[in-house]
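**Student:** Mind looking at a prediction? Sequence and model below.
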Amino acid sequence: MAQDDEAPTAPFASLAMSFTMAKPASRAVTAVRSVPSVSRPGDHMPAAQRMRCPAGTVAASVPSATAAGRTVGSRDQQQKSQGGLKPWGVPLAAGALLIQLARMAVSHVLPPAVGSRGQPAALGDARVFPSLLPKRVNGGSSSPPGMPGGRKPAMVWFRNDLRLHDNEPLVAACRTATSLLPVYIFDPREYGKSPSGFDKTGPYRARFVLEALTDLRNRLRDAGSDLLVRIGKPEEVLPELARAVGAGAVYCQGEVTVEEERVEAAVSKALDKTGAALKVMWGGTLFHVEDLPFKLPCMPPNYADFRNALTGRSVRAPVEMPAQLKALPAATISPGEIPTLQQLGFNAATLWRCASDKDAAAAHLRGGESEALRRLTDFLHSVKQHATSGTTAEANHSASSSRGSQDLKAAPAFCCKVSPWLALGCLSPRQLYVQLQQTVGSQGQQDGVAAHPKLQSANKELDADMQWLLFELLWRDFFRFVTKKYTLTGVAQRLGRTNGLTAAPAAAPALAAC
């Protein structure tokens, strides 16, 4: 009779025992001792209960369980004779089961404990449940699972667009990326001597570039970002950085010479191996290449026809810089130091000669977007003074108006005076055009886009000066477009050397053949 009463507790003892089999023997013995009335191999029980809990299995799993069962069983018989069996075994077994389930779940979510030899500290740490957390498919990417592929960190490769205003690659990267890494690379192939023996980059230009980069880094830091500076070949540096931050794309401004396009092709090929894409965008001109009335390989070969073809064409409005730039990627990467002129290969004698030549045209120029915008503001102030003086100002000259008129005499040459900043992209030609248009009071601007490339003013003298300045801006466009034309048609490739780089990438629709 006592055996029949003890038999119902056997399934719970078996269940608790099966959960402790994966633990060391000492833990198993402790668990069995906490469960009442474990059946012995010689006990008689119904066949159904014996199928659920073979006594031999329990005894074989834990050698000391039989003895423990006898002790606990005798104690239970005494309790039964005194007043019945206390029903505390069932809740205790259920609690042990829940504790073990929680331990196994935690051991799956958290990294298993590792012993001194690199093995799991306990067999119970083995992962036996299905994965509870989604696995990251793309290593190194900071995109959440299920997020579109474009939502990854992005890099902006600054080249000849060292500014924040009217910068399409910068705006596009901020719009599509989760984080942003601005980069500038000093390519050794752009320094040193050319085959003709001339400096590829002279000391004055090199100093101007260093000043522009210092200003760009300061402006980026003020906007919550930074500028990464490296020395090396872009096709080697950019893929390495893309792998480090898990970048999905690298944005840059496209250039027009054959050497620059070969570098772009090499960068694009190297980035493909890392899973990133090179996004090249047009820039550096007053007119966008997609707004031309002809395909670039079919453009007029002379300036007069080029200018006449643009009659009535609109100028795109400058793109607005985001109010807040995207943060830097989570990966820790040193921004690097801006190199010195000596590190760029200029010897002490050359630098001493440049420092002592105070009369050189470039001796007093300072690079950077801040300096370019300051010069533009000063020029616009003088233009505005002359424009508001009216035609009656000739009869009544004041000191300020005379100075404004004197400054305005340099208006036709202003484009030449700011050409260093235009060349490095510290100043956007579209920004220059739009601000001049707003200053002289042109009525041809609607919805932020100029209706026609013409700077008009009620002052005839001022109107003539402004048209001459626009004439110079169009000259810049002509030379840039015609260089791109011959790069696309293959003339430049046949005249130049490949230097081991691949051919230029396929042209965009606006640059396709006629």
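**Tutor:** Everything's here; your move.
**Student:** Helices along the stretch 101-250 of the chain, start to end?
**Tutor:** For the stretch 101-250 of the chain, helices defined by DSSP state H, counting those that start in this stretch occupy the ranges 168-176, 203-222, 234-245.
**Student:** Could I get the ones you listed in a markdown table, plus columns for mean pLDDT?
**Tutor:** Formatted as a markdown table, the helices of the stretch 101-250 of the chain follow (pLDDT from 0 to 100):
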| stretch | mean pLDDT |
| --- | --- |
| helix 168-176 | 94 |
| helix 203-222 | 96 |
| helix 234-245 | 96 |
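**Student:** right, and the ones you listed - which one's nearest Ala323?
**Tutor:** Across those, Ala323 has its closest neighbour in helix 168-176 (9.9 Å, Cβ to Cβ). The C-beta positions use only the backbone N, C-alpha and C, and glycine is treated the same way.
**Student:** Would you mind pulling up the elements that the closest one packs against?
**Tutor:** strand 154-158, strand 180-186, strand 249-253, strand 277-281 (3 or more Cβ pairs under 8 Å, 6 or more residues apart in numbering; DSSP states H and E).
**Student:** okay, these, which one's buried deepest?
**Tutor:** Using mean count of other Cβ atoms under 10 Å, the stretch among the helices and strands packed on helix 168-176 with the largest mean neighbour count is strand 154-158, at a mean of 28.
**Student:** Tell me which strands it pairs with, and in which orientation.
**Tutor:** Paired with strand 154-158 in the same sheet, following DSSP bridges, are strand 180-186 (parallel), strand 249-253 (parallel).
**Student:** how much does whatever helix or strand Lys269 lives in deviate in direction from strand 154-158?
**Tutor:** Using DSSP states H and E, Lys269 sits within helix 258-272. If you take axes from the mean of the first three to the mean of the last three Cα atoms, to 10 degrees, helix 258-272 sits at 160 degrees to strand 154-158.
**Student:** May I see the helices and strands packed on helix 168-176 organised as CSV, with mean pLDDT added?
**Tutor:** Formatted as CSV, those follow (pLDDT from 0 to 100):
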stretch, mean pLDDT
strand 154-158, 97
strand 180-186, 97
strand 249-253, 97
strand 277-281, 96
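**Student:** need the strands paired with strand 154-158 in JSON lines with distance to Ala173, can you?
**Tutor:** Below are the strands paired with strand 154-158 laid out as JSON lines (distance: least, Cβ to Cβ, whole Å):
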{"stretch": "strand 180-186", "distance to Ala173": "6"}
{"stretch": "strand 249-253", "distance to Ala173": "5"}
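**Student:** Tell me which of the ones you listed lies nearest to Phe306.
**Tutor:** Comparing those under Cβ to Cβ, the one sitting nearest is strand 249-253, at 21.9 Å.
**Student:** Buried residues, stretch 164-176. List them.
**Tutor:** 164-174, 176 (16 or more other Cβ atoms under 10 Å).
**Student:** residues making contact with that stretch?
**Tutor:** 150-151, 154-157, 161, 180, 182, 216, 219-220, 223, 249, 251-253, 279, 281-283, 318-322, 325-326, 369, 373, 428, 430-431 (Cβ atoms under 8 Å, 6 or more residues apart in numbering).
**Student:** so what does the strand or helix carrying Gln435 touch, helix or strand wise?
**Tutor:** Gln435 belongs to helix 429-440 when assigned by DSSP H and E. Helix 429-440 sits against helix 369-389, strand 445-446, strand 449-450, helix 460-489, with contacts defined as 3+ Cβ pairs under 8 Å, 6+ apart.
**Student:** farthest pair in the buried residues of stretch 164-176?
**Tutor:** Most distant of the buried residues of stretch 164-176, by Cβ to Cβ, are His165 and Thr176, 19.8 Å apart.
**Student:** Can you spell out which helices and strands pack onto the helix holding Lys269?
**Tutor:** Partner elements for helix 258-272 (3+ Cβ pairs under 8 Å, 6+ apart): helix 234-245, strand 249-253, strand 277-281.
**Student:** could you give the angle of that helix to helix 460-489?
**Tutor:** Going by the same axes, to 10 degrees, helix 258-272 makes 60 degrees with helix 460-489.
**Student:** Send over helix 258-272 as CSV, restricted to the C-alpha atoms.
**Tutor:** Written as CSV, here are the backbone C-alpha positions of helix 258-272 (Å, rounded to 0.1, in the frame of the first residue of the first chain):
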residue,chain,number,x,y,z
VAL,A,258,41.5,61.5,-67.9
GLU,A,259,43.8,60.9,-65.0
GLU,A,260,41.1,61.7,-62.5
GLU,A,261,38.6,59.5,-64.2
ARG,A,262,41.0,56.6,-64.2
VAL,A,263,41.4,57.0,-60.4
GLU,A,264,37.6,57.0,-60.1
ALA,A,265,37.4,53.8,-62.1
ALA,A,266,40.1,52.2,-59.9
VAL,A,267,38.2,53.3,-56.7
SER,A,268,34.9,51.9,-58.0
LYS,A,269,36.5,48.5,-58.8
ALA,A,270,38.1,48.3,-55.4
LEU,A,271,35.0,49.3,-53.5
ASP,A,272,32.9,46.6,-55.4
